[in-house]
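Participant: 3D model of this:
(one chain, ligands or ions: 1)
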Amino acid sequence: MSTSPSYQGRHRAPGRHRAPRRGPRVPVGFRGGFVLPSAAAAALVVTATGATVAESSPAHLDLTGSSAKLQARSAALADFDHLESVQQREAQSSAVKARVQESQHKAQVARIARDAERRAVAKRRAAAAALQKAEAERKARESWIMPIKGAVFTSGFGWRWGRMHQGDDFGTPVGTPLHAMSTGTVVFAGWQGGYGNKVEIEYWDGTVSVFGHMSVISTSVGAKVAPGDVVGQSGNTGHSTGPHLHLEIHPHGGAAIDPAPWLRDHGLQ
Ligand SMILES: [Zn+2]
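Facilitator: The predicted structure is shown next:
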C-alpha cells in the first residue's frame, strides 16, 4: 500500500459528504417508507411515531398483518422443527434398530459357529473313540493265549529217541479244555496216525498250531475261531506215553519250529 502524503491526507480530511455515513445505520427495509416485514421493524415504527402499539391503529394494523405472517412462519418453522425432530427420532430409531439387528446377526453367526465347532468336536471325539475301539478290537482279535491253563512243560522240541520231535509236550489231565490261541480258521480236525485226534488252526498272521493226542474234538474244518474258543479236550490218543498236549507251531504253515521261543515272543511263557 502506498504511504504517499497525498493519499493519507485524502483519507484524513473530513469530507463533508462522508459525515452522514457515520450516523445510525438504517435497515434496508426501513428506508422504503415504514413497510416492514418483521416485528422488530414494527417496534421501530411505533417508537418512531411516538405512540404505543395499542394507541396507534395504523401501526396495529400493520402489526396484525405482520403477526399473521409471523405466526404462519413460526408455525411452518415449528412444523419443520417437528418434522426434523421426527426425522431425527426416526433416524435414531433406525440406527438403534440397525444396531440391534447387527448385534442379533453377530449373535446368530457366533451361535452357528459355536454349533459347528461343537459338531466338529463331537465328530472328532467320535472318530477318535471309533479308532480307539477299532484298535482295541484289533488288539483283542490279534492277541495270543496258551491253549491250556496251568500246563506243565514235559518235553521239548528236537531229536528224541532217534526221531525228530516237532513240538512241545505239556502234561495235563485228560479232559482239559483246549483253546484256540488267537483268531483263525480250523484247517484240520480228525484222526491222523501217531497224533491221534488232531486239530490244526491257521491264525490271522498265517501261523498254524497243531494240537495232538486229544480225547475230544469239538470243532470242524472251516470253523472260525476267536482267541480262547474251545476246540476240544486234551487226551492220550495216538503215540502217547501219558495224558498230555502235543503242541506244534508252523509259521506261515511251513516247517515246525521250536515253540518255546515263539511262545516267549508272543508273551505266552
Ligand atoms: Zn509231543
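
Participant: CA only for contacts and neighbour counts going forward, please
Facilitator: OK.

Participant: shaky segments in this protein?
Facilitator: For the chain, the stretches with pLDDT under 70 are 1-66.

Participant: give me the longest helix you can find in it.
Facilitator: Taking DSSP state H as the criterion, the chain has its longest helix at helix 57-141.

Participant: from the contact counts, what lies against that helix?
Facilitator: Identification of packing neighbours for helix 57-141 by 3 or more CA pairs under 8 Å, 6 or more residues apart in numbering; DSSP states H and E yields helix 39-49.

Participant: which residue does the stretch 101-250 of the chain bring closest to the ion?
Facilitator: residue 246 (4.1 Å; CA to the ion).

Participant: name whatever forms a beta bridge with that residue.
Facilitator: Beta-bridge partners recorded for residue 246 (DSSP bridges): residue 169, residue 212.

Participant: what's the neighbour count on it?
Facilitator: 25 (other CA atoms under 10 Å).

Participant: what's the first helix or strand after the longest helix of the chain?
Facilitator: Sequence-wise, the next helix or strand downstream of helix 57-141 (DSSP states H and E) is strand 152-155.

Participant: adjacent strands (with direction) for whatever helix or strand comes next after that next one?
Facilitator: Going down the chain from strand 152-155, the next helix or strand is strand 158-160, by DSSP H and E. Applying DSSP bridges to the sheet, strand 158-160 is found paired with strand 163-165 (antiparallel).

Participant: identify each buried residue in the partner strand, please.
Facilitator: Across strand 163-165, burial judged by 16 or more other CA atoms under 10 Å covers residue 165.

Participant: just stretch 139-154 next, same as before
Facilitator: 142-148, 151.

Participant: so can I have TSV of those residues showing distance to the ion?
Facilitator: Formatted as TSV, the buried residues of stretch 139-154 follow (distance: CA to the ion, whole Å):
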residue	distance to the ion
142	26
143	25
144	21
145	19
146	16
147	14
148	15
151	14
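
Participant: got the contact list for the spatially most central residue of the chain?
Facilitator: Centroid check for the chain by CA atoms, centre = their mean gives residue 117 as the closest residue, at 1.5 Å. Residue 117 sits next to no residue when contact means CA atoms under 8 Å, 6 or more residues apart in numbering.

Participant: up against the ion, what does the stretch 51-200 of the chain have?
Facilitator: Counting by CA under 5 Å from the ion, the residues of the stretch 51-200 of the chain close to the ion are residue 169.

Participant: go again with 6 Å.
Facilitator: 167-169 (CA under 6 Å from the ion).

Participant: most widely separated two among the buried residues of stretch 139-154?
Facilitator: 142 and 151 (22.5 Å; CA to CA).

Participant: give the buried residues for stretch 196-212.
Facilitator: Quick answer for stretch 196-212 (16+ other CA under 10 Å): 196-203, 207-212.

Participant: first-to-last residue distance for it?
Facilitator: Length of stretch 196-212, first residue to last, CA to CA, to the nearest Å: 6 Å.

Participant: cool, stretch 229-236 as well?
Facilitator: Taking CA to CA, stretch 229-236 runs 21 Å from one end to the other.

Participant: one more: stretch 229-238?
Facilitator: End-to-end distance for stretch 229-238, by CA to CA: 24 Å.
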